[in-house]
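>>> 3D, please:
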Amino acid sequence: MKPISYTTFAWVLAALCLSPQISPAAEVYLMRGGFDIFSIGMNEMADILKKEGIDAKAQSFTSWRLVADDIIKRSKTKSVSYPIVFLGHSFGADAGPDFANYLGKNGIQVDLVIGFDALSSKTLGPGAKKVINYCTHTGGRYTAGQGFRGKITEVDVTKFGVNHFNIEQADRVQQLALDAVRSQVRKGR
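So this is what the prediction gives:
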């Protein structure tokens, strides 16, 4: 096997460093809703992101506190990958602000929170930087609370013919959410 020249190595290294790839240094959590069976779109999006090299995990909304506690523990040894991104459907969307607020109280920012038709309205504190709520007419809303300095965007997606049970499965809504995740991961922290 012929050794690679220094010049060729330098060009390859420069191409890799300058390419617009998505950095794997991110933590993306997708939380399914009630009964852990209706939110299959969360699994689909996690699989898409994994194929793109992004560390994405889909799980039950009931695990949000365990995930947050793990992040807090790892932050003490500087072993958290940033940005931190949270997506949730239904009860999972209710958990998004709780997750961000909890981490915020522990000095950790969640760079992006995306909700898919939260069941109840939630108030965000200082833990989240950017928040997007894809909602129907019946879904809960996200509002800014004391200490929140980020941006909240409410997006009515009923024009795509979705309802509470299929919102996170709709191609157009998934694409909007995945584009927001990719953009945040590219920006890093």
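
>>> what are the phi and psi angles of Q109?
phi -90, psi 140 (degrees, to the nearest 10).

>>> Do a quick rundown of the helices in the chain.
6-18, 40-51, 64-75, 91-105, 171-187 (DSSP state H).

>>> Worst mean pLDDT among those?
Note on the helices of the chain: helix 6-18 shows the lowest mean pLDDT, a mean of 42.

>>> re the thing from before, nearest to Y29, of the helices of the chain?
helix 64-75 (5.7 Å; Cβ to Cβ). C-beta: built from backbone N, CA, C; applies to glycine.

>>> Which elements pack onto that closest one?
Contacts defined by 3 or more Cβ pairs under 8 Å, 6 or more residues apart in numbering; DSSP states H and E place helix 64-75 against strand 27-32, helix 91-105.

>>> Mind putting the helices of the chain into a markdown table with distance to A118?
Conversion of the helices of the chain to a markdown table gives the following (distance: least, Cβ to Cβ, whole Å):
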| stretch | distance to A118 |
| --- | --- |
| helix 6-18 | 40 |
| helix 40-51 | 14 |
| helix 64-75 | 13 |
| helix 91-105 | 4 |
| helix 171-187 | 14 |
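
>>> So for K151, which of the ones you listed sits nearest?
helix 171-187 (11.8 Å).
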